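1. Structure for the following, please:
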Amino acid sequence: MTTTLNCATGTLAPYTPSGVAPWNKVRAMHLLRRMGFGLRPNQIEQALQMEPGELVDQIIDEAIALPLPPEPEWANWSTDDYEDFNEERIQQLIEWIVAWMQRMVNHGFREKMTLFWHNHFVASFNDYQCPSYMYEYTTLLRQHALGDFKQLTVDIGKSPAMLLYLNGVQNTRFEPNENYARELFELFTLGLDNGYTQDDIKDAARALTGWNGVDGPPYCTPITFVPFLHDNGLKTIFGQAGFYDYQGLHDHLFEQRSDEIATFICSKLYRSFVHPQVDEGIVDGLAETFKDSGFQIAPVLRQLFKSEHFFDEYNMGTQIKSPMELFLTMVRESGLPYTDQALQVMAYLAGDLGQQLLLPPDVAGWPGNQDWIDTNTLTGRWRGMDYFIFTVYQNQPQMLVELARSLSNDAIDPYEVTSAMIDHFIPYGLDNMQAYERATNVFKWEVPQNYYDNGEWNLYWDTASIQVALLLQHIARMPEFQLT
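-> Residues are numbered from 1 along each chain as shown. Next up is the predicted model:
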């Protein structure tokens with residue numbers, strides 16, 4: 001696998017627009033794609049009227065203030081509340097995934113951070129199975145998405161979804177189970193082989209014992225702490241002995257390994273939102289902010305997204321969109337209509353491409369970036385985009401025309417229309433004029449050239465909707481479209 005070199009410069013100092021690095025549509029779209037799923041066409045000018053740092057603050061403040069989704073009817077159901085648990089729970093899973101996708105389109109940053117933490121504190125619905133547990137798990141991710149990382153770590157480990165996924169319910173003083181303790185260190189806080197030993201894992205598992213209170217039937221009820229099953233004995237973790245319990249272990253972990261935690265989490269944020277190859281100097285600065293804030297997530301994100309380093313042109317178009325990013329960015333940036341059924345189909349197609357929400361492949365989550373694309377998944381991505389584009393064409397073709405008119409300022413030159421469409425969906429543009437000309441030829445379709453030459457053609461023609469659909473299909477198949 002090839003490595004994407006990180007050639008970006010700049011520091012964590014706030015980005016100041018200049019002639020060399022202007023605040024323009026390219027940088028605004030870069031920011032809004034990384035902090036969400038792009039901008040609708042009618043939002044671009046509004047974004048450009050704000051100072052970059054002001055816009056970042058607004059996005060983060062709105063995400064923090066956003067209320068949690070209302071509880072679904074089944075939020076606290078046990079198995080006794082179902083007529084057919086196996087069938088109805090799958091329906092509720094699909095319902096919750098579609099609702100999440102709607103929120104990603106409408107509330108990009110908070111939901112993108114929720115997706116980030118879902119791929120960090122991984123738990124799979126196939127293992128915990130209960131929709132009530134799924135609701136609690138996703139609510140915790142949203143609640144702490146930009147908040148207190150330590151509290152998120154504490155809370156998620158006691159959630160029924162995680163207790164079942166990583167065998168916490170089997171972890172007792174009589175028979176310790178080390179699965180969660182190992183992943184707490186390796187995947188959730190410190191990183192592989194970074195500041196802990198196998199003996200630390202063993203005693204951490206003992207500290208975590210006692211969350212075994214599963215009563216049933218009925219099942220899908222809260223999992224409680226059972227003092228009798230907790231190991232109250234002396235434990236040695238990171239070279240220090242103590243009578244650590246669940247909270248005591250986390251306090252000790254964040255006190256003794258604050259540097260490792262801060263660097264590990266900030267590196268992961270950097271790889272996810274800036275560039276696949278970490279800039280260690282930038283991460284060091286973010287890690288200091290993380291520690292100084294008491295492991296608050298929002299200050300780190302404010303510093304990162306406001307920085308001149310983030311806005312460096314070499315950080316643009318360096319990451320491959322996940323299937324969800326691919327589909328939902330097109331939905332949001334086009335402003336085209338969609339239905340719950342369309343989102344459900346996209347969720348199914350994203351699963352075929354390796355990203356099924358709430359069903360990640362393993363505890364390490366989705367590797368991301370270059371792992372998203374190979375010869376099989378690339379054609380699958382094309383099929384997914386075709387489905388969305390041509391569903392709109394079949395049901396509301398005039399919306400395609402309105403999109404082209406708004407982006408091109410009602411141009412009658414097919415090259416101008418094509419360029420405007422490309423530069424909206426690929427803000428950093430194409431490498432050469434020939435690529436624009438090839439796209440223009442696709443857009444011209446079967447309309448005779450003389451109608452373009454004499455200025456008779458325009459976007460009010462009956463053929464305009466299919467022409468726009470074909471152009472969108474062409475854009476969606478460009479290599480550059482796969483990048484963010």
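2. Where do the strands of the protein begin and end?
-> Along the chain, the segments classed as strands by DSSP state E run 235-237, 240-242.
3. Can you lay out those strands as TSV showing mean pLDDT and distance to N395?
-> (Glycine included, C-beta is placed from N, CA and C.) As requested, the strands of the chain are arranged in TSV below (pLDDT from 0 to 100; distance: least, Cβ to Cβ, whole Å):
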stretch	mean pLDDT	distance to N395
strand 235-237	98	60
strand 240-242	98	64
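4. okay if I get those strands as CSV plus mean neighbour count and distance to G210?
-> Formatted as CSV, the strands of the chain follow (neighbours: other Cβ atoms under 10 Å; distance: least, Cβ to Cβ, whole Å):
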stretch, mean neighbour count, distance to G210
strand 235-237, 20, 13
strand 240-242, 12, 16
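5. Turn those into TSV, columns for distance to L192.
-> Output for the strands of the chain, formatted as TSV (distance: least, Cβ to Cβ, whole Å):
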stretch	distance to L192
strand 235-237	18
strand 240-242	22
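6. Which of those sits closest to A342?
-> strand 235-237 (50.1 Å; Cβ to Cβ).
7. Can you spell out which helices and strands pack onto the closest one?
-> helix 198-207, helix 246-256 (3 or more Cβ pairs under 8 Å, 6 or more residues apart in numbering; DSSP states H and E).
8. Does anything pack onto the shortest one? Which helices or strands?
-> The elements that helix 198-207 packs onto, with contact taken as 3+ Cβ pairs under 8 Å, 6+ apart, are helix 179-183, strand 235-237, helix 246-256.
9. ok, and what's touching that helix?
-> 171, 173, 176-178, 180-182, 184-185, 231, 233, 235-238, 244-246, 248-249 (Cβ atoms under 8 Å, 6 or more residues apart in numbering).
10. hang on, the earlier thing: of all the helices and strands packed on helix 198-207, which one is nearest G147?
-> helix 246-256 (14.9 Å).
11. List the buried residues of the closest one.
-> The neighbour-count check on helix 246-256 (16 or more other Cβ atoms under 10 Å) flags 246, 249-250, 252-254, 256 as buried.
12. Helix 198-207 and that helix, what's the angle between them?
-> Interaxial angle of helix 246-256 relative to helix 198-207 (axes from the mean of the first three to the mean of the last three Cα atoms, to 10 degrees): 150 degrees.
13. CA atoms of stretch 109-119 as PDB?
-> Listed next in PDB are the C-alpha coordinates belonging to stretch 109-119 (Å, rounded to 0.1, in the frame of the first residue of the first chain):
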ATOM      1  CA  PHE A 109     -20.400  18.100  12.800                       C
ATOM      2  CA  ARG A 110     -22.000  16.600  15.900                       C
ATOM      3  CA  GLU A 111     -23.000  13.500  14.000                       C
ATOM      4  CA  LYS A 112     -19.600  13.200  12.300                       C
ATOM      5  CA  MET A 113     -18.000  13.300  15.700                       C
ATOM      6  CA  THR A 114     -20.500  10.600  16.900                       C
ATOM      7  CA  LEU A 115     -19.400   8.500  13.900                       C
ATOM      8  CA  PHE A 116     -15.800   9.100  14.900                       C
ATOM      9  CA  TRP A 117     -16.300   7.800  18.400                       C
ATOM     10  CA  HIS A 118     -18.400   4.900  17.200                       C
ATOM     11  CA  ASN A 119     -15.300   3.800  15.200                       C
END
